[in-house]
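1. pasting a predicted model and its sequence here:
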Number of protein chains: 2
Amino acid sequence: MENIAKQCQEEVFFSEQERDALYKTIFNRRDVRGQFKSDPIPDEVLSRVLHAAHHAPSVGFMQPWNFVIVRSKEVKKKVHKAFLQANEDAANMFDDERSKVYRSLKLEGILESPLNICITCDRSRTGPVVLGRTAVKSMDTYSSVCAVQNLWLAARAEGLGVGWVSIIKQEELQEALAIPKDIIPIAYLCVGYVSDFFKKPELESAGWLKRLPLEELVYLDQWQGTDNIERNSLVSKIAADAGIAQRY
Amino acid sequence: MENIAKQCQEEVFFSEQERDALYKTIFNRRDVRGQFKSDPIPDEVLSRVLHAAHHAPSVGFMQPWNFVIVRSKEVKKKVHKAFLQANEDAANMFDDERSKVYRSLKLEGILESPLNICITCDRSRTGPVVLGRTAVKSMDTYSSVCAVQNLWLAARAEGLGVGWVSIIKQEELQEALAIPKDIIPIAYLCVGYVSDFFKKPELESAGWLKRLPLEELVYLDQWQGTDNIERNSLVSKIAADAGIAQRY
């Protein structure tokens, strides 16, 4: 452990401006479906966002992810076809009124975005026993999700839009990209420069659902718990900050 | 859709400094176990990092998360006890040599950190059919993981360390925090100011595993795929950027 301690770095501090840049990225990140431009993404930009993804936390440092970059029109068309089928199945699961709204929403930009990225999880990387995955088996897939979120935020700061298309059966994605059966596709992302970013999440703007008041989602010490001075003080502060995203 | 278009915002651009601040956060984020200080976290800081978490992407905008903030010593002790048991089980899963190293690692800071946060996933929030969850059932848990990663990055930019403790059986966590059986605990986080942050991930510094070369994890158009000019150009760029994290 001494050896480790020696490797501790000089403190890296964040200025208020740097902290605010992080919040600006988080609050202005959007799930983009319809504003993609065809402009190519330079390799140097793509490299940076992939390195950001690769520096996500991973359980037991197993780094279970791969990144399949899809530029081929043929491959995209296969994935798009799989989306259309899964989307038709999905539309039929809602009641009549909701189904009508559902069908009016644009939910992917597979063909319009210049590139797609599939982020996967290789559960057997580093062997059968993984430090930190012993009690909760899904920790490895969660690691790949952290890579997705890092990539998404890096992309936003680079001016790139990202849309996560989840309405595709995993087997069809595996087939289209020749991904082995034991590798889990975690996210299929459409990536590209955009004409503009939405001010609010698209489903919020479209009236599909409202943003929940954060203060109602926060408990102290126990689920739901009981009101007390400490909790009241915290939730009052949270409620007072409700407009925080609009300030960035 | 016209109505939606009107709500599009004026372009929000990111300066190079802002983009670099995001990369600085991503590359300096650490999974903290041993450097917690007991200094309390002001409610205004806690509120900001929770709002950052609440602005994570969520499938169908369902926002399935709750945040149980744990400050009570009694509750922390229960969770710590559950960790000790799960950790003992885990240590026995490795072979002798690996088990010895495993036991030498500090894997949590439950009692030392001033607060713990449990982030959960309520799968039935917004009803049984969720837009975007129809083909991939685990999308809701992935949303809560995105909230974890947003919180983690926001905390880093605030100078707060975060450690994800995954070596606890979910049922014991549910019991300790009175979380209902149908709510999934996604992450149990230790949060606090720290004496210092590690330069590299702790498991990398301890020699548990090495960081994988990113260029070997990137494929073009198909899993593994074939070498071609396009792929070679991209992976060369990625390999040349291997030291990117050290520059921030």
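-> Good, I have the coordinates. Numbering: from 1, shown residues only, chains lettered A, B, ... in the order given.
2. I'd guessed A:V49 sits against A:L160; true?
-> Yes: the pair A:V49 and A:L160 passes the contact test of Cβ atoms under 8 Å, sitting 7.2 Å apart. Where C-beta positions appear, they are placed from N, C-alpha and C, glycine not excepted.
3. so where's chain A shaky on pLDDT?
-> When the per-residue scores of chain A are filtered using pLDDT under 70, the ranges that remain are A:1-10.
4. please enumerate the helices of it.
-> Taking DSSP state H to define them, one finds helices in chain A at A:2-6, A:16-28, A:43-54, A:73-91, A:96-104, A:139-157, A:170-177, A:202-205, A:229-240.
5. any chance of these in JSON lines, plus mean neighbour count and distance to B:N87?
-> Shown next, in JSON lines, are the helices of chain A (neighbours: other Cβ atoms under 10 Å in any protein chain shown; distance: least, Cβ to Cβ, whole Å):
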{"stretch": "helix A:2-6", "mean neighbour count": "10", "distance to B:N87": "19"}
{"stretch": "helix A:16-28", "mean neighbour count": "20", "distance to B:N87": "33"}
{"stretch": "helix A:43-54", "mean neighbour count": "22", "distance to B:N87": "28"}
{"stretch": "helix A:73-91", "mean neighbour count": "17", "distance to B:N87": "41"}
{"stretch": "helix A:96-104", "mean neighbour count": "12", "distance to B:N87": "46"}
{"stretch": "helix A:139-157", "mean neighbour count": "26", "distance to B:N87": "14"}
{"stretch": "helix A:170-177", "mean neighbour count": "19", "distance to B:N87": "33"}
{"stretch": "helix A:202-205", "mean neighbour count": "19", "distance to B:N87": "41"}
{"stretch": "helix A:229-240", "mean neighbour count": "15", "distance to B:N87": "30"}
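6. with distance to chain B added, can I get the ones you listed in CSV?
-> Output for the helices of chain A, formatted as CSV (distance: least, Cβ to the nearest Cβ, whole Å):
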stretch, distance to chain B
helix A:2-6, 5
helix A:16-28, 4
helix A:43-54, 4
helix A:73-91, 4
helix A:96-104, 7
helix A:139-157, 4
helix A:170-177, 6
helix A:202-205, 4
helix A:229-240, 4
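7. identify whichever of these lies nearest to B:G243.
-> Taking Cβ to Cβ as the measure, the helices of chain A were each checked against B:G243, and helix A:43-54 came out nearest at 9.7 Å.
8. what sits up against that closest one?
-> Helix A:43-54 is touched from outside by A:63, A:65, A:67, A:69, A:115, A:119, A:147-148, A:150-151, A:153-155, A:158, A:160, B:23, B:26-27, B:212, B:214, B:217-218, B:233-234, B:237-238, B:240-241, B:244-245, with contacts defined as Cβ atoms under 8 Å, 6 or more residues apart in numbering or on different chains.
9. which non-adjacent residue is nearest A:V75?
-> If you skip the residues right next to it in sequence, A:V75 has B:D221 as its closest partner in space, 5.3 Å away by Cβ to Cβ, 6 or more residues apart in numbering or on different chains.
10. so who does A:F27 touch?
-> A:I244, A:A245, A:Y248, B:A52, B:H55.
11. same question, A:K106
-> Residues in contact with A:K106, defined by Cβ under 8 Å, 6+ apart, are A:R33, A:G34.
12. wait, A:R125 sits on A:P64?
-> Yes: in terms of Cβ under 8 Å, A:R125 counts as a neighbour of A:P64; the distance is 5.0 Å.
13. what about the two, which has more around it?
-> Residue environment comparison for A:R125 versus A:P64 gives the larger neighbour count to A:P64, 28 against 19, counting by other Cβ atoms under 10 Å in any protein chain shown.
14. any idea which residue sits dead centre in chain A?
-> Nearest to the geometric centre of chain A sits A:Q149, at 4.0 Å (Cα atoms, centre = their mean).
15. isn't that one right up against A:A56?
-> Yes: under the contact definition of Cβ under 8 Å, A:Q149 touches A:A56, with a separation of 7.4 Å.
16. okay, and the common contacts of those two?
-> B:Q149.
17. longest strand in chain A, by residue count?
-> In terms of residue count, the longest strand belonging to chain A (DSSP state E) is strand A:183-193.
18. how far does that strand sit from the chain's center?
-> With Cα atoms, centre = their mean, to the nearest Å as the basis, the distance from the averaged C-alpha position of strand A:183-193 to the chain average is 9 Å.
19. cool, and stretch A:185-205?
-> 10 Å.
20. buried set for it?
-> Taking 16 or more other Cβ atoms under 10 Å in any protein chain shown as the neighbour-count basis, stretch A:185-205 is seen to contain the buried residues A:185-194, A:197-203, A:205.
21. please apply the same query to stretch A:156-163.
-> For stretch A:156-163, a neighbour-count test (16+ other Cβ under 10 Å) marks A:R156, A:A157, A:E158, A:L160, A:G161, A:V162, A:G163 as buried.
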